[in-house]
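> Turn this into a structure:
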Amino acid sequence: MLQISEANPHSRRLVRIGSMVVGGSRPVIIAGPCAVEPAYVEQAMSCAGAGIDALRACLFKPRTHPDSFQGLGAAALPLLAEVRQRTGLPLISEVLAVEDAEALGESVDGFQVGARSMHNVRLLEALGELGRPVILKRGLAATIDEWIAASEYIRRRGNDEVVLCERGIRTFEPRTRNTLDLNAVLIARELTDLPVIVDPSHAAGNRDWVPALARAALAVGADGLLVEAHPAPALAWTDSAQAIDVAELTELVSATAVAVAGR
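Residues are numbered from 1 along each chain as shown. Have a look, this model is predicted:
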């Protein structure tokens, strides 16, 4: 039987990441390029103009193939500093190892643990000790209980500032990159007091399907969305097929406002 932190799951925990509060009455939108590119400042400014709540700011990327772009690394920290100064938005960056979190330091407002790293117990424990907000993605083939158990590695080291993120799981269906499990949003919200957000971009693998999946996520009560967006999606260095453009991002922000009114 899964043992979770003692908390009332019906009393939602609010997780603050910089100026953004996840788990409140208004769903949040975190968006931006999959990975920080040399033109990140201009790209981030464009995405910020859509009215989002926080920016993706990933310097380290775990790619399927070793020849793929792995991220600019710590050398791009000055870009993050400029974006933070110019937009005032919180920055969230993926970490693959404890050393990544140490390199990022105070340059970002929250860390993201990707699907491939969900089972990295040492990383989870270290992030628990750091005490910084963490967005924990569900693993490619992780059950809901395994996903929640992973969050416990962070929480039992004293850090309750955790946001769960459903990003689709691997199934036998080849026509989509992954299969979005909206059941997981409902169940995770029943079993824990943690906010639950959804990444429709990785679930779809196709930008044409992202808006519909995003709306579906909001309809089942997701506390927010994590979306890949780029001013010129076809030119994105990573995951270009699933990145929406700024106009679509602006429409998604408006749709989120409508969803709030309907709750």
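
> hey, let's count contacts and neighbours off CA atoms from now on
Noted.

> Average pLDDT for stretch 230-248, rounded please.
Stretch 230-248 shows a mean pLDDT of 92.

> Output it as CSV, nothing but the C-alphas.
Output in CSV follows, covering the C-alpha atoms of stretch 230-248 (Å, rounded to 0.1, in the frame of the first residue of the first chain):
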residue,chain,number,x,y,z
HIS,A,230,8.5,29.1,-29.8
PRO,A,231,8.2,32.2,-32.0
ALA,A,232,9.2,30.1,-35.0
PRO,A,233,8.4,26.4,-34.1
ALA,A,234,9.9,25.0,-37.2
LEU,A,235,13.3,26.4,-36.3
ALA,A,236,13.3,25.2,-32.7
TRP,A,237,16.4,23.2,-31.8
THR,A,238,14.5,20.6,-29.9
ASP,A,239,11.0,19.1,-30.3
SER,A,240,10.0,21.5,-33.0
ALA,A,241,7.0,19.3,-34.1
GLN,A,242,5.2,19.8,-30.8
ALA,A,243,6.0,23.5,-30.1
ILE,A,244,3.1,25.9,-30.7
ASP,A,245,3.7,29.5,-31.9
VAL,A,246,3.1,32.7,-29.9
ALA,A,247,-0.3,33.3,-31.4
GLU,A,248,-1.5,29.9,-30.4
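
> List the buried residues of that stretch.
Of all the residues in stretch 230-248, those buried under the rule 16 or more other C-alpha atoms under 10 Å are 230-231, 233, 236-246, 248.

> And for stretch 201-208?
Applying 16+ other C-alpha under 10 Å to stretch 201-208 flags 201-207 as buried.

> Would you confirm that residue 194 contacts residue 11?
No. The pair residue 194 / residue 11 is not scored as a contact, 9.2 Å apart, by C-alpha atoms under 8 Å.

> Looking at those two, which is more packed in?
Shown here are residue 194 and residue 11; by other C-alpha atoms under 10 Å, residue 194 has more neighbours (28 against 10).

> All set, thanks.
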